[in-house]
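>>> Need a 3D model of the following:
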Amino acid sequence: MKLVILDRDGVINQDSADFVKTPDEWIALPGSIEAIARLSRAGWRVVIASNQSGIARGLFSMDVLTAIHAKMRREVSEAGGAIDAIFVCPHGPDDGCLCRKPLPGLFQDIGRRYEMSLAGIPAVGDSLRDLQACAAAGCAPWLVLTGNGRKTQDGGSLPAGTQIRDSLACVADALLAGEAQ
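Have a look, this model is predicted:
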């Protein structure tokens, strides 16, 4: 099975220091929806793994998060693709959970769901915690320079083997050209 794991904010959509709290605030980055659709049409299962501490902080409800994700799924569907699953950590930074990135819990949940090892599975993020979580789960880390990506790249200390691309569209180009998996 060809599987790719994506962070959401800063990879697929515009990130916000104030959190993405409504469907109207969720705005896709240029080319990201089409990138997901291209991967999906080529037989890749696209899975999202996203920290969503805005729930624990009381900034939005699970129902609102569901509506945001329905908008994202609808846009991908309209482009001819699909998102296979969305895994979220709803906890705050001090809640002591195992699913909040940089811990690998979300990725381990994905491995259990698909009954497979995540060794070498490409995982795309824009922050160091995304890359740390995917590397801890055995995935192949890919950094995009959208969202917080440039700051992450400039900060150094990236996990070994991290691939760097300008955007999710560029990652899709590389994956479809056989540069991973």
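>>> then the longest strand belonging to the chain to CSV, C-alphas only?
Under DSSP state E, the strand in the chain containing the largest number of residues is strand 44-51. Below are the C-alpha coordinates for strand 44-51, written out as CSV (Å, rounded to 0.1, in the frame of the first residue of the first chain):
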residue,chain,number,x,y,z
TRP,A,44,-1.8,6.8,-2.6
ARG,A,45,-3.8,6.7,0.6
VAL,A,46,-3.6,10.2,2.0
VAL,A,47,-3.9,10.5,5.8
ILE,A,48,-3.8,13.6,7.9
ALA,A,49,-2.1,13.7,11.4
SER,A,50,-2.7,17.0,13.1
ASN,A,51,-2.3,18.6,16.6
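>>> Check the offset of that strand from the chain's centre.
Its chain's average C-alpha position is 5 Å from that of strand 44-51, according to CA atoms, centre = their mean, to the nearest Å.
>>> Next, the buried residues of the helix or strand following it.
Per DSSP states H and E, strand 44-51 leads on to helix 62-78 as the next helix or strand towards the C-terminus. The neighbour-count check on helix 62-78 (16 or more other CB atoms under 10 Å) flags 64-65, 68-69, 71-73, 75-76 as buried. Yep, even glycine has a C-beta here, placed from its N, CA and C like the rest.
>>> can you confirm Val88 is in a strand?
Yes - assessed with DSSP: H, G, I helix; E, B strand; the rest coil, Val88 lies in a strand.
>>> Appreciated, that's everything.
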